[in-house]
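Engineer: Take this sequence and fold it.
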Amino acid sequence: MAIVGFEADQVVRTEDGDKSVPITWAYNHHFEAYMKGSMSVMRKTTPEESHKVGHSYGQDQWHVFIREDVNDPNPNSGIPVAQWFSEGNGGEFRKSFHGYPKGMAQLIESPVSFQLQPMQIDTKNRFYNGSDFRPGPLPESSAAPPNASYSGLLECPCATRIPKNISVSYSTSWSGACDTEVHNAEECFSAAGSVGLENVSKFVKVSTNALPTGCSSIKYENGTVNVFYNEITSSSTACGSGREGTIQGSVKSDDAKVQLSVMIDASSSTVTITMSGPSDKWYGVGFNAPDYVMDDKPYTIVVDGTGNVSERKLGSHAPGNIIKQSVQVTSNKVADGIRTVTMTRDMKGATSDHYTFDTQKTSLPLIFASGTSGTYAYHGSKLRSGGDLYFNSIGAITCICYKGVEGSINGIPFSKNCLAEPKSDLLAHKNPTCFVDTYQGGLACCHHQVVLLDKEQEQPEEEFTYNMKFRFWYQEYKEEASKASHQNLIRIYWQTEAMATEYDIPKCDDSTPRDECIFEIKSNFTVRDMMNKCDTRTNPACWGDVDNNDGINIIYAAGHCHAPSCISMELYNADTNELLCRHDPVYGKS
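Structural biologist: Sure, this is the predicted structure:
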């Protein structure tokens, strides 16, 4: 089938037919829509695949691929087994026809189903039924100006019920010297607690060549710790001196109510894991979650409300699957409402789904969660978090280093991929979206089922049900005398903010005339930055053979430009300064 165009809308189903939902009631931030053929399957991408199909941060996302469980009856066909629609994919583009020139189409073989992944923000004012627009309750952090023609909720403000924690962070090192040293003795002694050091018996300020410059610690086999701040400016002693192989680290998550300790003995290739949490509720820890989300699909240990221990490979926002048991429980005790379980296992993972511990790594990214019952189930929006466990070498010198300002939003460590020029100018502008301490709102405050109101504001109870509606235009695809009726369009993708996914428009100075209050961002990129060399039949994000071509022809282009602040988007050929495409929003009067 040759798909030659489509349009989308949000509607309420009524006896008199479908009625469009005002954009001020339900804001479609974006959508990813997929048409699946009989030879395709939808699954989560790996981080590497995700980057190639244009998703931000390299995180895994739902995407369509060719099935691998059956043989392809037409392996040499260039016709894709699935298609992907996400151009001009926001509420501002409702009812706008996305059409292609004659002879061009998105081709798909044997379509059988349609799947949609939208991001929706509820902006309906339940307290006003008039014909004109009036915003409903807004949090104090809403950036919408007075009498705005839109709800400030569509910008996902970080309301007070969304906890935001900002702190200076530290790391540990066993080689060379710290990239940035802790600044003084007082900070050093405070930093020791930040990297999980407990039972500190001695804080000492010294000036000696026997210890590394700056902040360091020695943890002994009996569990006690000495912390030193060396004032000498250029010590010849390196981080990690005297290290033999046993390392230990501890971390506590107050949000998830979970505490973890890990000791790795390289001489016996054994790991001892101690987990503590509520005695009558389930709790768990996911190991090696670099983005601190379930999408990382980490190896996870879960303790249920009766003390049973299971190992899992998490799914994306899903419980995942139980995997082969590799831990041996050596202790399971309850005291003062806290269950503490100690277990051992081999350093090397029993399967590829099990995490393999490494004594060369100074830290381990984790996710934590606990439940509201003893049975493993959804943890809710509050009882989860992420963070790093920092290891200390037993009996050897571990340096404590200054890492910088970090933080978390709603329990999830903040991460933003703002690229340097020329790819992006967000860092040069010091755009607030790039830094946790200046982040005011956006996707980090807009996770699933998050309420965008302040703590003291009442959440309306009324539910609003509506549908996303798609209409596709198609033609029959034919091949006659080796000539195809349609040429398949290859999807290319880039973000003006260069994979940061979002950016802030700083407020204009009050004294500046309104028509001069224009903010602009720019990204310089190449065709090669967007290329995805793989078989177009297997994945709608693929370009096919890219080695024997010297350029591309742009057939169709669509921007992603949000109201109410979008003035224009322009695409230039940087080599010739030729304007290739311009996008001008047309604003209505009601």
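
Engineer: What residue in the chain is the furthest from its centre?
Structural biologist: Among residues of the chain, the one most distant from the C-alpha centroid is A481; the distance is 48.5 Å, by Cα atoms, centre = their mean.

Engineer: Pull up the gap between it and M1, please.
Structural biologist: With distances defined as Cβ to Cβ, to the nearest Å, the gap from A481 to M1 amounts to 21 Å. In short, each C-beta sits where N, CA and C put it, glycine included.

Engineer: Check what pLDDT E461 gets.
Structural biologist: pLDDT, E461: 87.

Engineer: Tell me which helix or strand in this structure has the weakest average pLDDT.
Structural biologist: None of the helices or strands of the chain scores lower by mean pLDDT, DSSP states H and E than helix 47-52, at a mean of 59.

Engineer: Could I get the full set of helices for the stretch 101-250 of the chain?
Structural biologist: For the stretch 101-250 of the chain, helices defined by DSSP state H, counting those that start in this stretch occupy the ranges 185-194.

Engineer: meant to ask about the stretch 401-550 of the chain, not that
Structural biologist: Remark: helices of the stretch 401-550 of the chain, listed N- to C-terminal, are 527-530; assignment by DSSP H, counting those that start in this stretch.

Engineer: surely Q120 meets I23?
Structural biologist: No. Using Cβ atoms under 8 Å, Q120 is not in contact with I23, being 11.6 Å away.

Engineer: Provide the secondary structure category for R43.
Structural biologist: For R43, the reduced secondary structure class is strand; criterion used: DSSP: H, G, I helix; E, B strand; the rest coil.

Engineer: same check, this time on Q259
Structural biologist: strand.

Engineer: Quick one: neighbours of it, just the number.
Structural biologist: 19 (other Cβ atoms under 10 Å).

Engineer: so it makes contact with S253?
Structural biologist: Yes. Between Q259 and S253 there is a contact at 7.4 Å, judged by Cβ under 8 Å.

Engineer: Send me stretch 285-299 as CSV with only the CA atoms.
Structural biologist: Once side chains and other backbone atoms are set aside, the C-alpha atoms of stretch 285-299 remain, and they are given as CSV (Å, rounded to 0.1, in the frame of the first residue of the first chain):
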residue,chain,number,x,y,z
VAL,A,285,17.1,-2.4,43.6
GLY,A,286,18.0,-2.2,39.9
PHE,A,287,21.7,-2.5,39.1
ASN,A,288,23.4,-0.6,36.3
ALA,A,289,20.7,1.9,35.2
PRO,A,290,22.7,4.7,33.6
ASP,A,291,19.6,6.9,33.0
TYR,A,292,18.1,5.9,36.4
VAL,A,293,14.9,4.7,34.8
MET,A,294,13.1,1.4,34.2
ASP,A,295,13.7,2.0,30.5
ASP,A,296,17.4,0.9,31.2
LYS,A,297,16.0,-2.6,31.8
PRO,A,298,18.4,-3.3,34.6
TYR,A,299,19.1,-6.5,36.5
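
Engineer: Buried ones in it, by neighbour count?
Structural biologist: Neighbour counts over stretch 285-299 (16 or more other Cβ atoms under 10 Å) mark 285-289, 291-299 as buried.

Engineer: taking these one by one, which sit in helices?
Structural biologist: Filtering the buried residues of stretch 285-299 for membership in helices, criterion DSSP state H, returns an empty set.
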